[in-house]
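S.K.: Predicted model and sequence follow; I will ask about them next.
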Amino acid sequence: MEFLTKNKKESDSASTQKYVDVEEVRDGVMVLRNGSLRAILLVSSINFDLKASDEQDAIIMQYQNFLNSLDFPLQIIVHSRRFRIEPYLEKLHQQEKIQENELLRFQIAEYQNFVQSLSEVSNIMSKSFYIVVPFAPSETVEGGFMAKMKGIFKPAKQTFIGGETFETYKNQLFQRAEQVAAALSGTGVRTTMLGTEELIELLYNTYNPSLFTSAVVKNIESVELTGR
């Protein structure tokens, strides 16, 4: 099982984990404490305003068809973080040093100063778009629509899913994710499913809002791993 806390004292880990609904991250799937599963799609953006009117109408129609084709709930998340401008400035600085043309070197330096000044007076944000695709074991049990929604959004009790049961639920979840990706492709939006490491990084950044920039957890072993 993969928890989203750094290796600290056991008491600190326990106090943090009680606020995290995720029980574990396995095979590109988030398993919640109530036994339901989540897959997350990273979604590209399109500049709708730059499209011609007929293209805009086509996109709207495709999006309506996408919504009407769904027989399960979705969650759309916009994840905002302050843009890390430092690597770009460093790249400009390196280009300035190797530039032999004095005029170009001066222009690069001026542009570098402009970008740095702009980043200091305004918060330049980077936005990522995600779609959370759910699947709950309670959906396989007969019941009304409200009962299924309750099973998805209201954790009942801690449940462990393993073996063939997990593989069955995972396959059904991935089928839903593929359905969403195929339907959105008609709007010109590209999607990709997050793997285990990407999910851990996303959750770590989400539960560390004090970081103005997204932290990349290069060493997954730094995340506390507890096996069942």
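M.R.: Alright, I've got the coordinates.
S.K.: Can you list the residue ranges for strands in the chain?
M.R.: For the chain, applying DSSP state E gives strands covering 2-6, 22-26, 29-32, 37-43, 75-82, 125-135, 191-193, 223-225.
S.K.: I'd like to know which of those strands is closest to L50.
M.R.: In terms of CB to CB, the element of these nearest to L50 is strand 125-135, at 17.2 Å. For glycine as for every other residue, the C-beta is placed from the backbone atoms N, C-alpha and C.
S.K.: how's this protein carved up into domains?
M.R.: Split into domains by automatic domain parsing, the chain comes to 2-81+127-225, 84-123.
S.K.: Please work out the angle formed by the directions of the helix ranked longest in the chain and strand 125-135.
M.R.: The single longest helix within the chain, with elements called by DSSP state H, is helix 163-185. Helix 163-185 runs at 130 degrees relative to strand 125-135, counting by axes from the mean of the first three to the mean of the last three CA atoms, to 10 degrees.
S.K.: So for helix 163-185, what gets flagged as buried?
M.R.: For helix 163-185, burial by neighbour count (16 or more other CB atoms under 10 Å) applies to F166, Y169, K170, L173, F174, R176, A177, Q179, V180, A181, A183, L184.
S.K.: which residues touch it?
M.R.: When contacts are defined by CB atoms under 8 Å, 6 or more residues apart in numbering, helix 163-185 is touched by residues 26-27, 29, 37-39, 41, 43, 65-66, 69-70, 72, 74, 131, 133-135, 137, 161, 191, 193.
S.K.: Need the buried ones from those residues selected in ChimeraX.
M.R.: Per 16+ other CB under 10 Å, the buried members of the contacts of helix 163-185 correspond to this ChimeraX selection:
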select :26,29,37,38,39,41,43,66,131,133,134,135,137,161,191,193
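S.K.: nearest residue to the residue most central in space within the chain other than its sequence neighbours?
M.R.: For the chain, Y130 is the residue whose C-alpha lies nearest the centre (CA atoms, centre = their mean; 5.0 Å). Leaving aside its sequence neighbours, Y130 sits nearest to I77 (CB to CB, 6 or more residues apart in numbering; 4.4 Å).
S.K.: what about the one you found, neighbour count?
M.R.: Using other CB atoms under 10 Å, the number of residues around I77 comes to 13.
S.K.: what's the angle from the longest helix of the chain to strand 37-43?
M.R.: 30 degrees.
S.K.: how close does Q56 get to N34?
M.R.: Applying CB to CB, to the nearest Å, the value for Q56 to N34 is 40 Å.
S.K.: So which of the two has more stuff around it?
M.R.: Each of Q56 and N34 has its neighbours counted (other CB under 10 Å); N34 has more, 19 against 13.
S.K.: mind checking pLDDT for that one?
M.R.: We have a pLDDT of 84 for N34.
S.K.: From Q172, how far off is it?
M.R.: 17 Å.
S.K.: Same check on E90?
M.R.: With distances taken as CB to CB, E90 is found 46 Å from Q172.
S.K.: returning to what we had before: quick check, nearest of the buried residues of helix 163-185 to R82?
M.R.: Nearest member of the buried residues of helix 163-185 to R82, counting by CB to CB, is L184, at 27.6 Å.
S.K.: hey, which helix or strand in the chain has the poorest pLDDT?
M.R.: Across the helices and strands of the chain, mean pLDDT, DSSP states H and E gives its lowest value to strand 223-225, namely a mean of 41.
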